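Asks: need a structure here:
(one chain, ligands or ions: 2)
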Amino acid sequence: MHIRLRALAALRQTDPEHKLRETRALAGHMARTPWTDETLRRAGDDAGVPGRPARPERVSATAVPHRSPFTPDGRAALIHSICHIEFNAINLALDAVWRFDGMPQAYYLDWLRVADEEAQHFALLHAHLQDMGHAYGDFPGHDGLWTMCEKTADDVLARMALVPRTLEARGLDATPQIQAKLRRVNTPDAAEATRILDIILRDEVGHVAIGNHWYRWLCDRAGIDAEAAYPELVERYQAPRLRPPFNLEARQRAGFSAAELRSLGGPPASTC
Ligand SMILES: [Fe+2]
Ligand SMILES: [Fe+2]
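Replies: Ligands and ions are numbered 1, 2, ... in the order given. As a prediction, the model looks like this:
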């Protein structure tokens, strides 16, 4: 079976543990099977996409209750919400592999690597959540990440613009703020969560960089100006507006241009 169809099977998988196992096995399949360029999409093949369990209950972003990280339940809800983002992120990476025909092999390899790292992020957070006496599904979650995947299902250029380099890039901004709160909490579980978030932040810079790379590649192929096209895509697909504070240093490492960083209030100070 073509690796992209294996990615579809993992994407349809509803059980988180099975999804994790199938996603993490993809890189091994890739190494054993010679790559072929094929048109794989068929009418109706998005049935069952994305596979997800009955719980967590899905609610709108505004309906997710705000809880203080200074209580154990509040911290469990916080870890659960990030776990849920990672679950969606596995699906979005698998979807990027399966959905879009006609991209270079390097594009699919990049997104298979992202899927594998998202599976690791989910596993780290879920183990930590279980240590805190909870499990994935115990709290409600919202699906902002997947909603943008649906909106950009027919346009890989818009997908790259608005999912990795917009929504995942917001994670680069949010993570240090969450870590600062957890440091103030100063409990062993908060310290462990901060350590896991260090790993996630390191990897997410790479995911946003992959989004930036393929967004620019697609813009070059289409003969359009990547920086001029971006605000038009935000408008057309009603993507969330970016809000400060921005992690300009991480955004710079993720490949945003000097002009893009300036538009956010950057460039960052030199770290030399
Ligand atoms: Fe992640
Ligand atoms: Fe990611």
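Asks: Pick out the residue closest to the middle of this protein.
Replies: Nearest residue to the geometric centre of the chain (C-alpha atoms, centre = their mean): residue 89, 3.7 Å.
Asks: The closest residue to that one other than its chain neighbours is in what secondary structure piece?
Replies: Counting by C-beta to C-beta, 6 or more residues apart in numbering, residue 89 lies nearest to residue 118, which is 4.1 Å off, once chain neighbours are set aside. In short, each C-beta sits where N, CA and C put it, glycine included. Per DSSP states H and E: residue 118 is located in helix 105-131.
Asks: what packs against that helix?
Replies: helix 3-12, helix 16-32, helix 72-99, helix 188-222 (3 or more C-beta pairs under 8 Å, 6 or more residues apart in numbering; DSSP states H and E).
Asks: Is the last one positioned near ligand 2?
Replies: Yes - Helix 188-222 comes into contact with ligand 2 when judged by C-beta under 5 Å from the ion, the residues involved being 204, 207.
Asks: Quick check: mean pLDDT of that helix?
Replies: Mean pLDDT, helix 188-222: 98.
Asks: Does anything pack onto that helix? Which helices or strands?
Replies: Counting contacts by 3+ C-beta pairs under 8 Å, 6+ apart, helix 188-222 packs against helix 72-99, helix 105-131, helix 156-162, helix 169-185, helix 226-236, helix 248-253.
Asks: what do you get for the third one?
Replies: The helices and strands touching helix 72-99, judged by 3+ C-beta pairs under 8 Å, 6+ apart, are helix 3-12, helix 16-32, helix 105-131, helix 144-151, helix 156-162, helix 169-185, helix 188-222.
Asks: Now it: buried residues?
Replies: Going by neighbour count (16 or more other C-beta atoms under 10 Å), the buried part of helix 72-99 is 75-99.
Asks: next one: phi and psi at residue 223?
Replies: Phi and psi for residue 223, reported as degrees, to the nearest 10, are phi 70, psi 30.
Asks: before we move on, the earlier item: out of the helices and strands packed on helix 72-99, which is the most enclosed?
Replies: Highest mean neighbour count among the helices and strands packed on helix 72-99 (mean count of other C-beta atoms under 10 Å): helix 156-162, with a mean of 24.
Asks: For the stretch 1-150 of the chain, which residues are neighbours of ligand 1?
Replies: Residues of the stretch 1-150 of the chain lying near ligand 1 by C-beta under 5 Å from the ion: 86, 89, 118, 121.
Asks: Quick check: the first one vs residue 199, distance?
Replies: So the one you mean is residue 86. With distances taken as C-beta to C-beta, to the nearest Å, residue 86 is found 11 Å from residue 199.
Asks: Could you pull up the contacting residues of residue 185?
Replies: 69, 70, 75 (C-beta atoms under 8 Å, 6 or more residues apart in numbering).
Asks: how about 6 Å then?
Replies: Residue 185 is in contact with 69, 70, counting by C-beta atoms under 6 Å, 6 or more residues apart in numbering.
Asks: do the same with residue 40
Replies: By C-beta under 6 Å, 6+ apart, the neighbours of residue 40 are residue 4.
Asks: Any stretches of this protein with poor pLDDT?
Replies: Across the chain, the ranges flagged by pLDDT under 70 are 267-272.
Asks: For the residue of it found nearest ligand 1, give its distance to residue 2.
Replies: Relative to ligand 1, the nearest point of the chain is residue 121 (3.9 Å; C-beta to the ion). Per C-beta to C-beta, residue 121 is found 26 Å from residue 2.
Asks: Next: residue 43.
Replies: Using C-beta to C-beta, residue 43 is found at 18 Å from residue 2.
Asks: out of the two, which sits in the busier spot?
Replies: Taking neighbours as other C-beta atoms under 10 Å, residue 43 and residue 2 compare with residue 2 leading, 14 against 5.
Asks: quick one: contacts for the closest residue in space to residue 20 that isn't next to it in sequence?
Replies: Nearest non-adjacent residue to residue 20, counting by C-beta to C-beta, 6+ apart: residue 119, 4.9 Å away. Contacts for residue 119 (C-beta under 6 Å, 6+ apart) come out as 20, 23, 24, 90.
Asks: Check residue 58 too.
Replies: By C-beta under 6 Å, 6+ apart, residue 58 lies in contact with residue 143.
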